[in-house]
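> Can you look at this prediction? I've put the sequence above it.
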Amino acid sequence: MKFFLKNIVFNKHIKYKKYNIKFLNSIVNFVLQKSFLEVLNVTKPILLNKKNNFNINKFGIKIYSQNDEDGIILYIFKHIGIKTKKFVEIGMENGTECNTTNLLKNFNWKGIQIEGSKKLYNDAKIQLKKILEKKRNNLKLLNIFVTKKNINQILKKNCGKEIDLLSIDIDGNDFWIWKAINCVKPRLVVIEYNSFFGSNISATIKYNSKFSWDHRNNKSYYGASLKALEKLGKQKKYNLVGVDKNGVNAFFVRNDLAKYINLKSKKTEEIFLDNKREIRNKEQYINESKKLLNQKLIKI
């Protein structure tokens, strides 16, 4: 199934001139819904064998996500169950490569996507109208620069008390935003980590409400280390269950659900992966890591 979907998605995105996109979309939709029927409806958790390894990387599939997050999210929800079919995604650029568009398009979820850039937000309105068609009505698209002060107000106003999925990828204050959120307890949290920190450092950048990632001149200074996020997850009662194979996003399941299905927490040292794209130039990667660690950081 995974190989078949990857083939279809490759053709849909890369060789689109040779195929009917609506036909390919219908195939993807059919296969996904057959494979992850549980994600279509409100479902109860599925217990795992106590000796399970729960290797999320085996189930990674890219439909609309940046990497393989789409498949990982579906696989996790297949086991932890679904209550509301609602999500919040903070930082989704133009919506064509993010963690919730697949849920909107193929599984009839509802939720909010938040983008701080006006330019990307305007592009997202165009792109998502094409992708989602009538299902665009299930999405509330917001152009807001998220801070520690406004995040809970935004969530209370737009998404109610319960959501199933929270995704954070803002290339900056990711750690601080998750820490500040106290009005919802999503079943699953997907959050970007910065692999330039390495696997041993527990730190994040200093909070700056106006932070904007300078990816050209200071590309390693953003976000938080995986170890820092692991510690924050424990404070907020979440289990770290894995990272995607490209070393970009970490996945956290709420403790009560993890305990119920026998899903064990994993340690940073066991699962850490360097960012695959960045480490292609190993010398530059090492230099950027050193540069990051010499800047002002907050130890966690």
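Structure's in. What do you need? Numbering: from 1, shown residues only.
> packing partners for the strand or helix carrying residue 250?
According to DSSP states H and E, residue 250 maps onto strand 249-254. On a contact count with 3 or more C-beta pairs under 8 Å, 6 or more residues apart in numbering; DSSP states H and E, strand 249-254 meets helix 69-80, strand 188-192, helix 226-235, strand 238-243. Where you see a C-beta, it was placed from the backbone N, CA and C, and this is true even at glycine.
> partners of that strand, with directions?
strand 188-192 (antiparallel), strand 238-243 (antiparallel) (DSSP bridges).
> Need the contact partners of the shortest one.
Meaning strand 188-192. Residues outside strand 188-192 that contact it (C-beta atoms under 8 Å, 6 or more residues apart in numbering): 69, 73, 76-77, 80, 99, 164-171, 174, 178, 223, 229, 233, 238, 248-254.
> so how far is the very next helix or strand once past it off the chain centroid?
For strand 188-192, the following helix or strand on the C-terminal side (DSSP H and E) is strand 203-205. Taking C-alpha atoms, centre = their mean, to the nearest Å, one finds the center of strand 203-205 at 19 Å from the center of the full chain.
> by contact count, what packs against strand 203-205?
helix 174-180, strand 297-299.
> For the last one, which helices and strands make contact with it?
For strand 297-299, the contact count by 3+ C-beta pairs under 8 Å, 6+ apart identifies strand 203-205 as packing neighbours.
> What's the mean pLDDT across the strand it packs on?
The average pLDDT for strand 203-205 rounds to 98.
> Any chance you could list what contacts it?
172-173, 175-176, 197, 211, 221-225, 228, 295, 297-300.
> Give me the buried entries from these.
172-173, 175-176, 197, 211, 221-225, 228, 297, 300 (16 or more other C-beta atoms under 10 Å).
> For those residues, give me JSON lines that also has distance to residue 266 and pLDDT.
Formatted as JSON lines, these follow (distance: C-beta to C-beta, whole Å; pLDDT from 0 to 100):
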{"residue": "172", "distance to residue 266": "26", "pLDDT": "97"}
{"residue": "173", "distance to residue 266": "25", "pLDDT": "98"}
{"residue": "175", "distance to residue 266": "19", "pLDDT": "98"}
{"residue": "176", "distance to residue 266": "24", "pLDDT": "98"}
{"residue": "197", "distance to residue 266": "18", "pLDDT": "98"}
{"residue": "211", "distance to residue 266": "29", "pLDDT": "96"}
{"residue": "221", "distance to residue 266": "27", "pLDDT": "98"}
{"residue": "222", "distance to residue 266": "24", "pLDDT": "98"}
{"residue": "223", "distance to residue 266": "20", "pLDDT": "98"}
{"residue": "224", "distance to residue 266": "17", "pLDDT": "98"}
{"residue": "225", "distance to residue 266": "15", "pLDDT": "98"}
{"residue": "228", "distance to residue 266": "15", "pLDDT": "98"}
{"residue": "297", "distance to residue 266": "24", "pLDDT": "97"}
{"residue": "300", "distance to residue 266": "18", "pLDDT": "97"}
